[in-house]
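with the input below, show me the fold.
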Amino acid sequence: MSGSFSRSQTTRKPGVTATSGGVVAAQHALAAEAGAMILAAGGDAVDAAVAVSFAIGVLEPWMSGPMGGGAMMLWRADENKPYALHYGMRSSTSLDPSYYPLSGAGKASDLFPWEAVVEDRNVTGASSIAVPGTVAGAAEAHRRFGKLPWRELLQPAIAHAKSGMQVDWYAALIIASAARELAKDKDAAALFLEDGQWPKIFGWTALADIRLDQSAHAATLERLADAGAKDFYSGDIGAALVRDVTDKGGFLTMEDMAGYRPEWQTPLHTPYNGASIWAVPTLTAGPTLSHAMTGWQKAITPAAAPGAKDFVAMAGAMRDAYEDRLTNMGDHESAKAPGCTTHFSIVDKHGNMVAMTQTLLSIFGSKTLSPSTGLMMNNGIMWFDPEPGKANSIAPGKRCLMNVCPVIGEKGEKRFALGASGGRKIMPAVGQIASFLLDYGMSMQDAIEAPRIDVSGGDTVVADERLSAEIMQALSARWPLATAQRIPFPYAFACPAGVLRDGSTNSGTTETFSPWGDGVAELRD
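Sure thing, here's the model as predicted:
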């Protein structure tokens, strides 16, 4: 069904190209600039990733932050080798499954169509908080591959937190979309709302400069910069987080925090039409991506652009892959899930790469703020099925199954780092963009801007309305078809960010309609 937006307006995001330096593509331009500054200071792609991770947690606090989790794929140019690092959330060892009784009110409302739980205890509030992994993941990658001091990498985030995130029209829209839930937590309401109930309004002039008070977040980052990541898990920061979560009725202990470890994993390798794709192998969408791309690769006909036969093959393979995921991996997230994750991709001048995805799960996570630290907290418990006896049933001390799908791809002299935000929409976007790059020789900009489909569970195929009539007819002959526009909000498709290295030339960009996302080149003298 067509909306009210212009049919004739044209929007492009040209991306950026660098012949002698690195490139950062992130869902916030200021975070991308922070990463590019680190590269210019002599940092590795991993150093830049640490800087972007913490900066974007300040600048886009509803999508991710230190209290989240995720995964990353890395490429080390000197070894000619990929690495996979998993730092997903997990449930507390003290969690009591009986605290989440079914309400009998039907399906839960947020991202997952689980049976509803009394008071939505697994969806919002402190009882939905899981043990976080983002800080441990960033610290472990830095320990192994970083060049610059940890403290230096957190300075951009500290500076942004001291200034406070600017509430522009996009931020006001996001805050307004969750105002009802944010108002239930007095600390979150104090940060994001006026008078504890109204969304902050950015004003109607170009000179408006309303900012969030993120001074507590800044103080936490300063402590983290000086004391190191261990303080987040076994020091003063960890103690403050445990105290705040416990005071608000959640399950989190110092033993949970101190015992958390990110995990290096053997990358999942998918040979693909003379190319290679590597993904994180467990508790992510990596296996589903491999299933889908393996299924469609023989049917792809390399040409200037994909045609009707190609999209039918991709749609069929994605449906098969998701059927397997929903049956065997226990992930039943709604196909209507809003984007609630962030992704950034980085390549440095040497060819080292990082594709890093991090999330709070829902937008604003648990809609709960830690007053002692100023951090928004995740709602990772919602990843579990509250019904007992299922593959993904809620239980103590259990890893969460995520939809994140960071990848590294390679064909000849070309290599790319790619990922996206957008819940179940992530895998279809990553797979198609990878195909556009590998099968059709597109640039990263053209691959991200190209119209695509979403097949992420359910019967309906959602197609970008810019696709040709021939492609639409071929898809509708096989499955129920809906069309959608690419607009800034809400996203009908995932929100990707990618970088590409061709020989010694680097390029990168983000989703065209992401109002904040951008590719930024390393500034060199």
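
low-confidence stretches in the protein?
1-2, 107-113, 202-207, 326-339, 524-525 (pLDDT under 70).

now the strands for the stretch 351-500 of the chain?
In the stretch 351-500 of the chain, the segments counted as strands under DSSP state E, counting those that start in this stretch are 353-359, 369-370, 375-376, 407-411, 414-421, 453-454, 461-464, 481-484, 495-502.

mind checking which of those is nearest residue 428?
Among the strands of the stretch 351-500 of the chain, the nearest to residue 428 by C-beta to C-beta is strand 453-454 (5.2 Å). Just so you know, the C-beta spots here come from the backbone N, C-alpha and C atoms, and that holds for glycine as well.

what helices or strands is the closest one leaning on?
Packing partners of strand 453-454 (3 or more C-beta pairs under 8 Å, 6 or more residues apart in numbering; DSSP states H and E): helix 308-328, helix 426-439, strand 461-464.

returning to that earlier point: most packed of the strands of the stretch 351-500 of the chain?
strand 353-359 (a mean of 31; mean count of other C-beta atoms under 10 Å).

quick one: contacts for residue 429?
Contact analysis of residue 429 by C-beta atoms under 8 Å, 6 or more residues apart in numbering lists 420, 422, 452, 454, 493, 494, 496.

before we move on, the earlier item: for residue 225, which of the strands of the stretch 351-500 of the chain is the nearest?
strand 375-376 (14.8 Å).

parallel or antiparallel, list what pairs with that closest one.
Sheet pairing of strand 375-376 (DSSP bridges) gives strand 369-370 (antiparallel).

contacts for the strand it pairs with next, please.
Residues contacting strand 369-370 (C-beta under 8 Å, 6+ apart): 67, 185, 187-188, 190-191, 240-241, 244-245, 375-377.

centre of the chain versus it, how much separation?
Offset of strand 369-370 from its chain centre (C-alpha atoms, centre = their mean, to the nearest Å): 21 Å.

ok, stretch 175-191 next?
22 Å.

buried stuff in that stretch?
175-179, 181-183, 185, 187-189, 191 (16 or more other C-beta atoms under 10 Å).

out of those residues, which comes closest to residue 123?
Using C-beta to C-beta, these come closest to residue 123 at residue 181, 9.1 Å.

only alpha carbons, please: show the strand or helix carrying that closest one as PDB.
Residue 181 belongs to helix 179-182 when elements are defined using DSSP states H and E. Provided in PDB are the C-alpha atoms of helix 179-182 (Å, rounded to 0.1, in the frame of the first residue of the first chain):
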ATOM      1  CA  ALA A 179       7.600   8.000  25.600                       C
ATOM      2  CA  ARG A 180       4.800   6.000  27.200                       C
ATOM      3  CA  GLU A 181       7.200   3.200  28.300                       C
ATOM      4  CA  LEU A 182      10.000   5.600  29.300                       C
END
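
and that helix, what does it pack against?
So helix 179-182, by 3+ C-beta pairs under 8 Å, 6+ apart, packs with helix 186-192.

from the contact counts, what lies against the helix it packs on?
Using 3+ C-beta pairs under 8 Å, 6+ apart: helix 186-192 touches helix 179-182, strand 369-370.

okay, those in a markdown table with distance to residue 139 next?
Shown next, in a markdown table, are these (distance: least, C-beta to C-beta, whole Å):
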| stretch | distance to residue 139 |
| --- | --- |
| helix 179-182 | 30 |
| strand 369-370 | 19 |
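
and these: which comes nearest residue 53?
Once those are compared by C-beta to C-beta, strand 369-370 is nearest, at 18.2 Å.

just to revisit the earlier point, so which of the buried residues of stretch 175-191 is the closest to residue 521?
Closest to residue 521, out of all of these and judged by C-beta to C-beta, is residue 175, at 31.3 Å.

residue 303: neighbouring residues, count only.
11 (other C-beta atoms under 10 Å).

on the three-state scheme, it is what?
coil (DSSP: H, G, I helix; E, B strand; the rest coil).

contacts only, for it.
Per C-beta under 8 Å, 6+ apart, neighbours of residue 303: residue 440.

phi, psi of it?
phi -160, psi -170 (degrees, to the nearest 10).

if I look at it, how far off is residue 436?
11 Å (C-beta to C-beta, to the nearest Å).

shared neighbours of those two, anything?
Joint contacts of residue 303 and residue 436 (C-beta under 8 Å, 6+ apart) do not exist.

what about the strands in the stretch 101-250 of the chain?
So, for the stretch 101-250 of the chain - with DSSP E, counting those that start in this stretch - the strands run 102-107, 115-117, 193-194, 198-199.

which of the ones you listed sits closest to residue 366?
Among the strands of the stretch 101-250 of the chain, strand 115-117 sits nearest to residue 366 (C-beta to C-beta), with 13.5 Å.

show me what the closest one is packed against.
strand 102-107.

look at the closest residue to residue 273 other than its chain neighbours and give its secondary structure.
Ranked by C-beta to C-beta, 6 or more residues apart in numbering and with sequence neighbours excluded, the top spatial neighbour of residue 273 is residue 297, at 5.1 Å. Here residue 297 is helix, with the state taken from three-state DSSP.

quickly compare the helices and strands packed on strand 453-454 and say which is most buried.
helix 426-439 (a mean of 27).

next, the angle strand 407-411 makes with it.
10 degrees (axes from the mean of the first three to the mean of the last three C-alpha atoms, to 10 degrees).

any idea of the angle helix 426-439 forms with helix 308-328?
140 degrees.

buried set for the strand or helix carrying residue 54?
Assigned by DSSP H and E, residue 54 belongs to helix 45-59. In terms of neighbour count (16+ other C-beta under 10 Å), helix 45-59 has its buried residues at 45-59.

in the helix or strand that it is followed by, which residues are buried?
Proceeding N to C from helix 45-59, the next assigned helix or strand is strand 69-76, under DSSP H and E. Within strand 69-76, the residues that qualify as buried are 69, 70, 71, 72, 73, 74, 75, 76, counting by 16+ other C-beta under 10 Å.

immediately after strand 69-76, which helix or strand?
strand 81-87.

relative to the whole chain's centre, how far out is that following strand?
Going by C-alpha atoms, centre = their mean, where strand 81-87 is centred and where its chain is centred differ by 16 Å.
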